[in-house]
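Colleague: got a predicted structure plus its sequence, pasted below:
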2 protein chains.
Amino acid sequence: MLRSCAKRLRALGSLRGPLPCEPRPALRSFSSKKVVYKDFSIPNPSWSKDIRLLFDEFMKKCEDGSWKRFPSCKYGSIQRTQDFKTFHLDRELTKEDLRTQTRLFTSSFEEGLGFEHVIFCNDVEKRTVCLFQGGPYLEGMPGFLHGGAIATIIDTTLGVSAAIAGGTVMTANLNINFKRPIPLCSVVVINTQLDKVEGRKFFVSGNVQSADEKTLYSEATSLFIKLDPDKSLT
Amino acid sequence: MLRSCAKRLRALGSLRGPLPCEPRPALRSFSSKKVVYKDFSIPNPSWSKDIRLLFDEFMKKCEDGSWKRFPSCKYGSIQRTQDFKTFHLDRELTKEDLRTQTRLFTSSFEEGLGFEHVIFCNDVEKRTVCLFQGGPYLEGMPGFLHGGAIATIIDTTLGVSAAIAGGTVMTANLNINFKRPIPLCSVVVINTQLDKVEGRKFFVSGNVQSADEKTLYSEATSLFIKLDPDKSLT
């Protein structure tokens, strides 16, 4: 289990910065000499009317502070390179071409082709909501999302719920019931909530529904483990 | 459950051709006026020495017919367009830009950046083996594969085991225990086997190990349902 497999945690904690799902300033993009970030969780021309309407609805909920939007960033190449130099100093993986090419999986596609999504959270209710439009590069059966793409966005959203409560966590178990296939490029809503905390274990569950909440596509439970900075990750 | 959610199955069966995991002629690439296929499950310059060695080892096992390699294809745009025209005739999703852009998720990245993999199967032993090298666009924590990327390649490999026995199947449940994070760009081996068949239910399990079999990264169980051509898919 993950308890027995955590290493370099202090290093990780310092070099990874916030989790991909953790709050960052809600700026569209910003840059400095060292870091280039772009926030991918705001509307772009590929977003359909459905996801835009839901986005506006949740942004209104953010006005009184009860909900917050999680910016999603694809690290700039300079920061990524630095991460790799630091983290993989003693590894074979530190090839120059690799260091400069890493991308966060959910932000690795061009606009509109992959995981178009935005995550909102409510700290008091311990709830997280992801608005997701899966693009044409995420296909499984013709016309439908690949099960792995669904698992990816579910894992990401569940992970935010766990990370809010536990900080640096890692998925230890993910159990998904796929009830109906999700049409490609449709908009779905992933609702998750933190169910229980036992020491370093965070139990989170959730489901995937259509935007109108009439269709239940998937249900999931998960276990996340808060990483122990005194143990090895590998 | 999936039993209650299958539609257009005859149409699907006829237009999807084989599953992404089903055998296709082991040609590197071929083209006609109507269809352009490329087989992505053969070595390319991005493949490391580790995956090449394993590939050669399994290709030798194929010589006596006990094992078979599954070609992996990213449909050509013309075929994909035709699929969409047929399948989504009455849907809003039939926008021209979408029809021409769909890609099988596991083949949607440029060479070396995503899911470099090849699947072999043994019909008699009901086993399937996937050799997988996860590229830099599949990152979760810096330096490691995203849990969703791992779930994707596990789902794909388990699905082949089920499809060999059941034909057109769809994931109904996927349960993964993540035991250790997988370093980005390392080579892992996914072993799966068909455990049980109950009517239209196919139970498949498997695990993810390092190329030298010394490290167990993940374990998974799954349930696949053979689709009923008389029922709706959505």
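Modeller: Arrived safely, thanks for sending. Numbers count the residues shown, from 1 in each chain, chains lettered A, B, ... in the order given.
Colleague: all contacts plus neighbour counts: C-alpha atoms, from now on.
Modeller: OK.
Colleague: who does the longest helix along chain A touch, helix- and strand-wise?
Modeller: Counting by DSSP state H, the longest helix found in chain A is helix A:147-166. Applying 3 or more Cα pairs under 8 Å, 6 or more residues apart in numbering or on different chains; DSSP states H and E, we find helix A:147-166 packed against strand A:115-122, strand A:127-134, strand A:169-178, strand A:187-198, strand A:201-210, strand A:216-226, helix B:147-166.
Colleague: pLDDT averaged over it - what is it?
Modeller: For helix A:147-166, the per-residue pLDDT values average out at 96.
Colleague: alpha carbons of that helix, as PDB, please.
Modeller: Output in PDB follows, covering the C-alpha atoms of helix A:147-166 (Å, rounded to 0.1, in the frame of the first residue of the first chain):
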ATOM      1  CA  GLY A 147     -13.500   4.400 -19.800                       C
ATOM      2  CA  GLY A 148     -10.000   5.500 -19.000                       C
ATOM      3  CA  ALA A 149     -10.800   9.100 -19.800                       C
ATOM      4  CA  ILE A 150     -13.800   8.900 -17.400                       C
ATOM      5  CA  ALA A 151     -11.600   7.300 -14.800                       C
ATOM      6  CA  THR A 152      -9.100  10.200 -15.200                       C
ATOM      7  CA  ILE A 153     -11.600  13.000 -14.600                       C
ATOM      8  CA  ILE A 154     -13.200  11.100 -11.700                       C
ATOM      9  CA  ASP A 155      -9.800  10.500 -10.100                       C
ATOM     10  CA  THR A 156      -8.900  14.100 -10.600                       C
ATOM     11  CA  THR A 157     -12.100  15.400  -9.000                       C
ATOM     12  CA  LEU A 158     -12.100  12.900  -6.100                       C
ATOM     13  CA  GLY A 159      -8.500  13.900  -5.500                       C
ATOM     14  CA  VAL A 160      -9.400  17.500  -5.000                       C
ATOM     15  CA  SER A 161     -11.800  16.500  -2.300                       C
ATOM     16  CA  ALA A 162      -9.100  14.500  -0.500                       C
ATOM     17  CA  ALA A 163      -6.400  17.100  -1.100                       C
ATOM     18  CA  ILE A 164      -8.600  19.900   0.500                       C
ATOM     19  CA  ALA A 165      -8.800  17.900   3.700                       C
ATOM     20  CA  GLY A 166      -5.400  16.100   3.600                       C
END
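Colleague: re the thing from before, with mean neighbour count and distance to B:Pro45 as added columns, please give the helices and strands packed on helix A:147-166 in a markdown table.
Modeller: Shown next, in a markdown table, are the helices and strands packed on helix A:147-166 (neighbours: other Cα atoms under 10 Å in any protein chain shown; distance: least, Cα to Cα, whole Å):
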| stretch | mean neighbour count | distance to B:Pro45 |
| --- | --- | --- |
| strand A:115-122 | 25 | 28 |
| strand A:127-134 | 26 | 30 |
| strand A:169-178 | 24 | 32 |
| strand A:187-198 | 20 | 37 |
| strand A:201-210 | 22 | 39 |
| strand A:216-226 | 23 | 37 |
| helix B:147-166 | 25 | 21 |
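Colleague: now the ones you listed as TSV including distance to B:Thr128?
Modeller: Below are the helices and strands packed on helix A:147-166 laid out as TSV (distance: least, Cα to Cα, whole Å):
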stretch	distance to B:Thr128
strand A:115-122	29
strand A:127-134	29
strand A:169-178	22
strand A:187-198	32
strand A:201-210	30
strand A:216-226	26
helix B:147-166	6
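Colleague: for chain A, name the helix or strand with the lowest mean pLDDT.
Modeller: helix A:9-16 (a mean of 29; mean pLDDT, DSSP states H and E).
Colleague: what does the pLDDT read for the closest residue to A:Cys62 other than its chain neighbours?
Modeller: What sits nearest to A:Cys62 in space, not counting adjacent residues and going by Cα to Cα, 6 or more residues apart in numbering or on different chains, is A:Lys68, at 5.4 Å. pLDDT, A:Lys68: 96.
Colleague: and A:Lys68, bridged to which residues?
Modeller: Beta bridges link A:Lys68 to A:Cys121 when assigned by DSSP bridges.
Colleague: quick check: it vs B:Ile42, distance?
Modeller: Taking Cα to Cα, to the nearest Å as the measure, A:Lys68 and B:Ile42 are separated by 46 Å.
Colleague: burial check on A:Arg200, number of neighbours?
Modeller: Using other Cα atoms under 10 Å in any protein chain shown, A:Arg200 is surrounded by 14 other residues.
Colleague: so it sits against A:Ala172, correct?
Modeller: No. Between A:Arg200 and A:Ala172 there is no contact under Cα atoms under 8 Å: 11.4 Å.
Colleague: that older thread, touching, the residue nearest to A:Cys62 and A:Lys126? I think so.
Modeller: No. The criterion here is Cα under 8 Å, and A:Lys68 misses it with A:Lys126 at 11.8 Å.
Colleague: between those two, which one's more packed in?
Modeller: Using other Cα under 10 Å as the criterion, A:Lys68 and A:Lys126 rank with A:Lys68 on top: 20 against 16.
Colleague: so who does that one touch?
Modeller: Shown in contact with A:Lys68 (Cα atoms under 8 Å, 6 or more residues apart in numbering or on different chains): A:Cys62, A:Phe120, A:Cys121, A:Asn122.
Colleague: mind redoing it with 6 Å?
Modeller: Counting by Cα atoms under 6 Å, 6 or more residues apart in numbering or on different chains, A:Lys68 makes contact with A:Cys62, A:Phe120, A:Cys121.
Colleague: look up how far A:Val197 lies from the last one.
Modeller: Using Cα to Cα, A:Cys121 is found at 18 Å from A:Val197.
Colleague: and the second one, by the same measure?
Modeller: Distance of A:Phe120 to A:Val197, given as Cα to Cα: 21 Å.
Colleague: same question for A:Arg52.
Modeller: According to Cα to Cα, A:Arg52 and A:Val197 sit 34 Å apart.
Colleague: same question, A:Ala163
Modeller: Taken as Cα to Cα, the span from A:Ala163 to A:Val197 is 12 Å.
Colleague: repeat that for A:Ser41.
Modeller: Distance of A:Ser41 to A:Val197, computed by Cα to Cα: 29 Å.
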